[in-house]
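[1] build me a structure from this.
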Amino acid sequence: EACKLNSQEVVEEDKRLKLPPNWEAKKARLEWELKVQEKKKECAARGEDYERVKLLEISAEDAERWERKKKKKNPDLGFSDYAAAQLRQYQRLTRQIKPDLEQYEKLKEQHGEALYPTSDSLLHGSHVPSKDGV
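    Numbers count the residues shown, from 1 in each chain. Down below sits the predicted model:
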């Protein structure tokens, strides 16, 4: 009888060793997803909103902990490469620019189509921006 039990244990151990290393985590995740689906079906049958029911089951302490975690996450990854750094600086500088729309309208009336130069335009040096404009 001991030999029989031992051989069964060896077979079970061999099965466990052949499973992937994260099998337990996958199994727990699948069970959790099944539980969530069942709750959704129950809520739909009762005519309730699942998100609302789920939030009612969460304690205030857990909700506060999750909010603190969300606030801690810093979307700024810092320096990764020169292109990303250049893009960040460009975005920062363009956010600081405040266009003077009144001055733009005046220039548009004054120069007309010549305000938008093409390759055939000879407007070089005719428009000098103000110090504020620079």
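
[2] tell me the buried residues in stretch 40-55?
    residue 43 (16 or more other CB atoms under 10 Å). (C-beta placed from N, C-alpha, C; glycine too.)

[3] do stretch 104-113 as well
    For stretch 104-113, a neighbour-count test (16+ other CB under 10 Å) marks residue 107 as buried.

[4] break this structure into its domains for me.
    Using the TED database, the domain ranges for the chain come out as 1-69, 82-113.

[5] what's the average pLDDT for the first one?
    Per-residue pLDDT over domain 1-69 has a mean of 90.

[6] quick one: end-to-end length of it, please.
    Domain 1-69 stretches 55 Å from its first residue to its last (CA to CA, to the nearest Å).

[7] what does the shortest one give?
    End-to-end distance for domain 82-113: 38 Å, by CA to CA.

[8] now do that domain: distance to the chain's middle.
    28 Å (CA atoms, centre = their mean, to the nearest Å).

[9] the first one too?
    Mean C-alpha position of domain 1-69 versus that of the full chain (CA atoms, centre = their mean) differs by 26 Å.

[10] just use 34 as the starting number from now, easier for me
    Got it, the first residue is 34 from now on, which makes the last one we talked about domain 34-102.

[11] would you state the helices of this structure in chain order?
    Along the chain, counting by DSSP state H, helices occupy 35-51, 56-79, 83-90, 93-105, 115-129, 134-144.
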